[in-house]
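Undergrad: give me a model of this one.
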Amino acid sequence: RGVIVDPKTQYPKACNAMETLLVNKAVADQVLPMIAEALPDSTLKCCGSSLEILRNSGVGSRASEAVETDYKTEWGDLTFCIKVVDDLEQAIDHMRTFGSSHTDAIVTTDTHAADRFTSAVDSAGVYVNASTRFADGFRYGFGAEVGISTGKMHARGPVGLEGLLSYKYQVFGNGHTVGGETPTVLNHQEIDKVSSASDIRAVLDPGARAELPAARRILVKVGSGVVTRSEGGGVALARLATLVEQLAHLVQSGREVVLVSSGGVAAGKRVIADPNPHHVNKFASSSSLPIPSVPIPQLDPRVTLREEDQAEVKRWASATGQSKLMALYDHLFGVYDTNVAQLLISIPDLQFAHSRKATCRTIEGLMSQGIIPIVNENDAICTDRTDGDGSIDPNELPITDNDSIAAAIAVELKCDLVVLLSEVDGVYADPKNPVPMSILTAADLEEGGIVFGAKSGAGRGGMESKVLASRYMMKHGVKSVIANGILTRTTRTILDVVQGKNVGTLFV
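TA: Residues are numbered from 1 along each chain as shown. So this is what the prediction gives:
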């Protein structure tokens, strides 16, 4: 309520005062009488629906029906307009038609709606659960305000890149007001990685990530899109080296680390020929024969692959690529005096409790020796799918790829933290608005509203698979973070997550 009362009463003549209140019809019957009572000195200009609600509730004596020009009026006093809207999109359309592009605010508990609002409303300031009275140069930390602009171009004369840039201020609050009984005390400081409505949770309640620096047993999963440069493009060496450096750092700081790594198939595709007989003999030239060499008759290939045999080619690629990928891991970890071991796991190994526990005992034994177990699905072996013994509900966690393999192992090992590295910064409420959510809770997942984009072309998983795995781990008490694994030499995503920084999407 304060977010509505404050911008109307704290200084009604200001340019950041509230002039129009839009109310979703789903809550209008409850909200409108409360607002009318909270603003007893205000004159209300109402649409037909809001006028009827106020009169039926007995607080409509100060209300009259609004005309179209009222919605464009800056009142300069305690008067304001009220309009009932069907949904958020209708509210946004109203702002685009009648608004001044100065400052607009939304009051909501729905982070998806808040993110949609901040991206779709093209105003100089877009606020979430905070009074519009904060739209002030002094409160932004600029010193004394000398003016305000709702335009976008501000450069004159020859214009470089900086002259083409403008600003949009996003303000996130939790009922914060300028005046009232609990006025906000300003404390200007840098806040790391706040880019969506859900990020404000991490700022206001840092406790969600406070335990991550103490995580002792950590599982990191990297997908094919992270390990390889592109589909069929080979291993991303610099990216892999940065990953290895961080994992070795964790081990040498006393932590136990499991690496679940995709990429074997993608790495092997550079070796396995296309299903074309002319490609099978591509290395059969005198320059590639052993020296000294003995000329022998060249034979044609015995078998010609059909296009429908791609599943077989994938298994060959897996068998070939696994050895190359593992040799690379062994060499890179060796630079940091860190030993590794390989475990190729078939899905039935995890669908039965006995074999799953035996597998995890091996992993625990390796970790106790300071060795990093590197786990991957055994794609070279074709196994029949099974529902297992019921110890893992296939409806809750269908084990189909390395994301679900990581989840099954993490829960069995009782990991303190799981980091799922993807090609994006985290989970987006809408792929068209690539702003990652900082925190996802069980309640958020039950509400739905997350839209999944296309998966990587290099692997079988995708964001939907990672969210499903994280949901399963969340239910069993294992914290997980989905974060960007496209690492550069200066990017330390894994270490940043372990330090408790606001990186990626945390599932708690």
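
Undergrad: return the distance of the strand or helix carrying residue 6 from the chain's centre.
TA: When secondary structure is defined by DSSP states H and E, residue 6 falls within helix 2-9. Here the centre of mass of C-alpha atoms in helix 2-9, compared against the chain's by C-alpha atoms, centre = their mean, to the nearest Å, lies 33 Å away.

Undergrad: that's a helix at residue 359, yeah?
TA: Yes. The assignment for residue 359 is a helix, going by DSSP: H, G, I helix; E, B strand; the rest coil.

Undergrad: quick check: closest non-adjacent residue to it.
TA: Once flanking residues are discounted, residue 359 sits nearest to residue 349: 5.6 Å by C-beta to C-beta, 6 or more residues apart in numbering. Where C-beta positions appear, they are placed from N, C-alpha and C, glycine not excepted.

Undergrad: run a quick neighbour tally on that neighbour.
TA: By other C-beta atoms under 10 Å, 21 other residues sit near residue 349.

Undergrad: now it: how far from residue 409?
TA: Residue 349 sits at a distance of 10 Å from residue 409 (criterion: C-beta to C-beta, to the nearest Å).

Undergrad: what's the overlap in contacts for these two?
TA: Overlap between the contact sets of residue 349 and residue 409, as judged by C-beta atoms under 8 Å, 6 or more residues apart in numbering, is given by residue 359.

Undergrad: so for residue 315, what's the pLDDT?
TA: Taken from the predicted model, the pLDDT recorded for residue 315 is 85.

Undergrad: might one say that residue 8 is in contact with residue 17?
TA: Yes. Contact status for residue 8 versus residue 17: in contact at 6.2 Å, counting by C-beta atoms under 8 Å.

Undergrad: sorry, back to before: can you name every helix or strand that the helix holding residue 6 contacts?
TA: helix 28-38, strand 169-176 (3 or more C-beta pairs under 8 Å, 6 or more residues apart in numbering; DSSP states H and E).

Undergrad: and those, which one averages the lowest pLDDT?
TA: For the helices and strands packed on helix 2-9, where the average pLDDT is lowest is strand 169-176, sitting at a mean of 84.

Undergrad: and that one, what does it pack onto?
TA: Counting contacts by 3+ C-beta pairs under 8 Å, 6+ apart, strand 169-176 packs against helix 2-9, strand 125-130, helix 199-204.

Undergrad: go through the next helix or strand after the last one and flag the buried ones.
TA: I take that to be helix 199-204. Once the chain leaves helix 199-204, the next helix or strand it forms, by DSSP H and E, is helix 207-210. Residues of helix 207-210 classed as buried by neighbour count (16 or more other C-beta atoms under 10 Å): 208, 209.

Undergrad: alpha carbons only: can I get helix 207-210 in PDB?
TA: What follows is helix 207-210 as a C-alpha-only set of coordinates in PDB (Å, rounded to 0.1, in the frame of the first residue of the first chain):
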ATOM      1  CA  GLY A 207      21.600 -16.000   3.200                       C
ATOM      2  CA  ALA A 208      20.500 -18.100   0.200                       C
ATOM      3  CA  ARG A 209      24.100 -18.200  -1.000                       C
ATOM      4  CA  ALA A 210      25.800 -17.700   2.300                       C
END
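
Undergrad: so where is the stretch 301-450 of the chain shaky, pLDDT-wise?
TA: Across the stretch 301-450 of the chain, residues meeting the criterion (pLDDT under 70) sit at 301-309, 382-384, 430-434, 448-450.

Undergrad: hmm, try it at 80
TA: In the prediction, the stretch 301-450 of the chain carries residues with pLDDT under 80 at positions 301-312, 382-387, 429-436, 443-444, 446-450.

Undergrad: where exactly do the helices run in it?
TA: 310-335, 348-351, 353-368, 402-413, 442-447 (DSSP state H, counting those that start in this stretch).

Undergrad: ok, which of these comes nearest residue 166?
TA: Taking C-beta to C-beta as the criterion, helix 442-447 is the member of these that comes nearest to residue 166, at 32.1 Å.

Undergrad: could you say what helices and strands that closest one packs with?
TA: Applying 3+ C-beta pairs under 8 Å, 6+ apart, we find helix 442-447 packed against helix 463-475.

Undergrad: for the nearest residue to residue 258 once chain neighbours are set aside, phi and psi?
TA: Nearest residue to residue 258, sequence neighbours excluded (C-beta to C-beta, 6+ apart): residue 219, at 4.4 Å. Dihedral angles of residue 219 (phi, psi; degrees, to the nearest 10) stand at phi -110, psi 130.

Undergrad: what's the most buried one of the helices and strands packed on strand 169-176?
TA: Mean neighbours per residue, mean count of other C-beta atoms under 10 Å, is largest over the helices and strands packed on strand 169-176 for strand 125-130, with a mean of 24.

Undergrad: test my guess that residue 252 contacts residue 338.
TA: Yes. Under the criterion of C-beta under 8 Å, residue 252 makes contact with residue 338 at 7.4 Å.

Undergrad: quick one, which of the two is more surrounded?
TA: With neighbours defined as other C-beta under 10 Å, residue 252 and residue 338 compare such that residue 338 has more, 22 against 12.

Undergrad: skip the chain neighbours and tell me the closest residue to the more buried one.
TA: The spatial neighbour of residue 338 that comes closest, neighbours along the chain excluded (C-beta to C-beta, 6+ apart), is residue 248 at 4.5 Å.

Undergrad: run a quick neighbour tally on residue 416.
TA: As a burial measure, the neighbour count of residue 416 was computed by other C-beta under 10 Å and equals 20.

Undergrad: begin at 59 from here
TA: Let's use 59 as the start, then, which means that last one is residue 474.

Undergrad: thought it was touching residue 537?
TA: Yes. The pair residue 474 and residue 537 qualifies as a contact (C-beta under 8 Å) at a distance of 7.2 Å.

Undergrad: mind listing the shared neighbours of these two?
TA: Any residue near both residue 474 and residue 537 by C-beta under 8 Å, 6+ apart counts here, and that gives residue 273.

Undergrad: about what we covered before: would you single out the least confident of the helices and strands packed on strand 227-234?
TA: Note on the helices and strands packed on strand 227-234: helix 257-262 shows the lowest mean pLDDT, a mean of 64.

Undergrad: of the helices of the stretch 359-508 of the chain, which is nearest residue 163?
TA: Nearest of the helices of the stretch 359-508 of the chain to residue 163, taken as C-beta to C-beta: helix 500-505 at 21.9 Å.

Undergrad: need the residues that contact that closest one.
TA: Residues from elsewhere that reach helix 500-505, judged by C-beta under 8 Å, 6+ apart: 168, 169, 170, 256, 495, 525, 529, 532, 533.

Undergrad: mind running it again at 10 Å?
TA: Under the criterion C-beta atoms under 10 Å, 6 or more residues apart in numbering, residues 167-170, 256, 485, 487, 495, 499, 508, 525-526, 528-529, 532-533, 565-566 lie in contact with helix 500-505.

Undergrad: next, count neighbours for the residue nearest to residue 551 when sequence neighbours are not counted.
TA: Spatial nearest neighbour of residue 551, excluding adjacent residues (C-beta to C-beta, 6+ apart): residue 541 at 5.1 Å. Counted with other C-beta under 10 Å, residues neighbouring residue 541 total 21.

Undergrad: residue 541 reaches residue 479, doesn't it?
TA: Yes. Look at residue 541 against residue 479 with C-beta atoms under 10 Å: they come within range, at 6.2 Å.

Undergrad: can you list residues touching both of those two?
TA: Residues touching both residue 541 and residue 479 (C-beta under 10 Å, 6+ apart) are 551, 552, 555, 562.

Undergrad: what helix or strand does the second one sit in?
TA: So the one you mean is residue 552. Assigned by DSSP H and E, residue 552 falls in helix 551-556.

Undergrad: just after that helix, pick out the following helix or strand.
TA: Taking DSSP H and E as the definition, the helix or strand that follows helix 551-556 towards the C-terminus is strand 563-565.
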